[in-house]
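> Let me see the structure of the following:
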Amino acid sequence: MHIHVLPLARPTFDVPYAEEALAAMRARLDAWAEAGGHRVTGSDALLMGAEDGALDASADVLLILQVTFTDAGFATAAACGFDGRVAVWAAREPRAGGRLRLNAMCGLNLLSHALGLAGRDFAWAYGEAADLDALTTGPLADRPPLAEADAAPRPVRALRIGRIGAHPDGFDTCRYDAGALKALAGAEVEEIPLPDLFDRARAVPEEAVAPYAAKAAGLVGAGELDAGEMDRSTRLAAALDGLRAERRFDAMAIRCWPETFTEYGGAVCGPVSMLGEARVPCACEADVYGALTQSILQDVADAPVFLADLVDADDDTVVAWHCGQAPASMAAGTPEATVHTNRRQALLYQFALRPGRVTLFRVSQANGAPHVALATGEVVDAPMAFTGTSGTIRPDGGGAAFLRTLIDARLEHHMALAYGDHAAALRGVAAGLGVPVLEMTA
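Okay, the predicted model is just below:
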């Protein structure tokens, strides 16, 4: 076989560590290829931008090495423009309690969704123990079946969602169609330019900022962070709450990077945590269906929800994580104030999720067909896997099966989490929406 590799990464992650990960992947791939008489071409270095990736159309297999998280734009175009077999191999990193240095599993998740929407079949593997024979010649990802919701229909209230800014390029997981959303769930979306939020935040009266500034000041470590960034961040919280009240929003979907850092100068993650605790769901990356998902789960659970990435899996467990935006009532201990791991700006919350029974849920558009994805499990008592807000979850059915379903089903990279087992009620939601259910932990 002729295998052409595209090793993808982004400079906002830990580049030296990514180079080590790539070297290990290439060494294993090259040894396997030499033993089998295969030919490997492509870059030995990380490709940091779409313009870097030259594709050899004569290859039998296009092997995308997902070394760090990246958007799915270039990889999807490369895969759809290639006539041979497409495979994706994502690097794994240890749960060491520090920065999420690669976040490659989430990149695999994002890419799998985009390939599903594009109708492009692929094979995939995660971690250093990847079976390279299976990856290059074995079965392709097989979509798990959906089932009709066997439950009494549960109505979903018509929501007003504010979308502030557009989703990032290459994030098909966050795309939405207003007409389809209204037909599905009766939800209406009002779009607001992101600079309008920044202008509003700068102009918020001090008395409106004060409650959020007091919450931030009470966090462990708050006094060690940059005062200007803290002020700008808490102003975002006040501005978002003002928008909610003024426009009668039930939830919001916010473009959180890079402009909040590069143009405004403060993180929206901490404000999202504050608003989530107050039962105002806010989805990052302008994920409108994520905001819908959060709102539905919040209503069912009658509790705050956390919109999380799934960033690691082993045979037993998975890790749900986001930069620092989980509601504070989910904390196992005392929440701390911190900065964004990549952008190094305040304010974010930091803690491990407390142990307990949880439900994971998503109103999904995977493969171009609306349905709901549903999983149950336990947050286990474990050290914080990565900085920010994260929890180690033992899904019913295990971590490996959960990951397989997540990627094979081409699901979005955001799932909502709430404490308690709400599976039965959410099957009723699916029946009320008239869509099937993907049981991820059946």
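> And the strands in the stretch 201-350 of the chain?
251-254, 282-284, 306-313, 318-322, 336-338, 348-352 (DSSP state E, counting those that start in this stretch).
> what are the pairing partners of the second one, and which direction each?
Which is strand 282-284. strand 251-254 (parallel) (DSSP bridges).
> repeat for the fourth one
In the sheet containing strand 318-322, its partner strands are strand 306-313 (antiparallel), strand 389-395 (antiparallel), by DSSP bridges.
> who's in contact with V437?
By C-beta atoms under 8 Å, 6 or more residues apart in numbering, the residues touching V437 are 146-149, 371-374, 427, 430. The C-beta positions use only the backbone N, C-alpha and C, and glycine is treated the same way.
> So what does R357 have for phi and psi?
Backbone torsions of R357, given as degrees, to the nearest 10, read phi -70, psi 140.
> measure the nearest residue to it once chain neighbours are set aside to A77 for me?
Nearest residue to R357, sequence neighbours excluded (C-beta to C-beta, 6 or more residues apart in numbering): D421, at 5.3 Å. To A77, D421 is 41 Å away according to C-beta to C-beta, to the nearest Å.
> How about the residue minimising distance to the centre of the chain: which residues does it bridge to?
In the chain, the centroid-proximal residue (C-alpha atoms, centre = their mean) is D309; its distance is 3.2 Å. Per DSSP bridges, the residues bridged to D309 are W321.
> List the neighbours of stretch 126-144 that are in contact with it.
Contacts of stretch 126-144 with the rest of the structure, by C-beta under 8 Å, 6+ apart, involve 1, 3, 24-25, 28-29, 32, 38, 61, 63, 85, 87, 89-92, 105, 108, 112, 116, 121-125, 313, 367, 403, 405, 407-410, 438.
> So which of those are in strands?
3, 61, 63, 85, 87, 89-90, 123-125, 313, 438 (DSSP state E).
> Compare these and tell me which is most surrounded.
A90 (29 neighbours; other C-beta atoms under 10 Å).
> Let me see the contact set for that residue.
Taking C-beta under 8 Å, 6+ apart as the test, what A90 contacts is 66, 104-105, 107-108, 124-127.
> Try it again at 6 Å.
66, 104-105, 108, 126 (C-beta atoms under 6 Å, 6 or more residues apart in numbering).
> Please, a PyMOL command that selects the buried ones among those?
Listed next is the PyMOL selection for buried residues among these, using 16 or more other C-beta atoms under 10 Å:
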select buried, resi 66+104+105+108+126
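> mind putting the contacts of A90 in JSON lines, distance to T136 and pLDDT included?
Formatted as JSON lines, the contacts of A90 follow (distance: C-beta to C-beta, whole Å; pLDDT from 0 to 100):
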{"residue": "Q66", "distance to T136": "16", "pLDDT": "98"}
{"residue": "A104", "distance to T136": "19", "pLDDT": "98"}
{"residue": "M105", "distance to T136": "20", "pLDDT": "98"}
{"residue": "L108", "distance to T136": "17", "pLDDT": "98"}
{"residue": "Y126", "distance to T136": "15", "pLDDT": "98"}
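> out of the contacts of A90, who's nearest G333?
Within these, distances to G333 taken as C-beta to C-beta reach their minimum at M105, with 25.8 Å.
> what sits against that closest one?
90, 126, 311-312.
> what do you get if the cut-off is 8 Å, keeping everything else the same?
90, 92, 126, 310-313, 403.
> Quick check: it vs D309, distance?
Where D309 is concerned, M105 sits at a distance of 9 Å (C-beta to C-beta).
> Same question for A78.
23 Å.
> Ok, E206 next?
From E206 to D309 the distance is 35 Å (C-beta to C-beta).
> how about the contacts of M105, which pair is most distant?
R92 and L310 (12.9 Å).
> of those two, who's got more company?
Under the criterion of other C-beta under 10 Å, the comparison of R92 against L310 puts L310 first, with 24 against 18.
> May I have the residues that are in contact with the more buried one?
L310 touches 105-106, 109, 318-321, 403, 406, 413, 415, counting by C-beta under 8 Å, 6+ apart.
> do H113 as well
72, 172-173, 366, 410-413.
> how about a markdown table for those residues, with pLDDT and distance to L243 added?
Below are these laid out as a markdown table (pLDDT from 0 to 100; distance: C-beta to C-beta, whole Å):
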| residue | pLDDT | distance to L243 |
| --- | --- | --- |
| A72 | 96 | 30 |
| D172 | 96 | 26 |
| T173 | 96 | 24 |
| A366 | 98 | 30 |
| R410 | 98 | 33 |
| L411 | 98 | 30 |
| E412 | 98 | 25 |
| H413 | 98 | 26 |
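> want to throw these into a markdown table with neighbour count?
Output for the contacts of H113, formatted as a markdown table (neighbours: other C-beta atoms under 10 Å):
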| residue | neighbour count |
| --- | --- |
| A72 | 27 |
| D172 | 22 |
| T173 | 29 |
| A366 | 22 |
| R410 | 24 |
| L411 | 25 |
| E412 | 27 |
| H413 | 28 |
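> Just confirm L159 contacts E190, I think it does.
No: judged on C-beta atoms under 8 Å, L159 makes no contact with E190 at a distance of 11.2 Å.
> pLDDT score for the closest residue to A320 other than its chain neighbours?
Distances taken as C-beta to C-beta, 6+ apart place A308 nearest to A320, at 3.9 Å, with adjacent residues excluded. At A308, the model reports a pLDDT of 98.
> With the one 10 residues further on instead?
Model confidence at V318, given as pLDDT, is 98.
> And for the one 3 residues further on?
W321 carries a pLDDT value of 97.
> ok, now Y349?
Predicted confidence (pLDDT) for Y349: 97.
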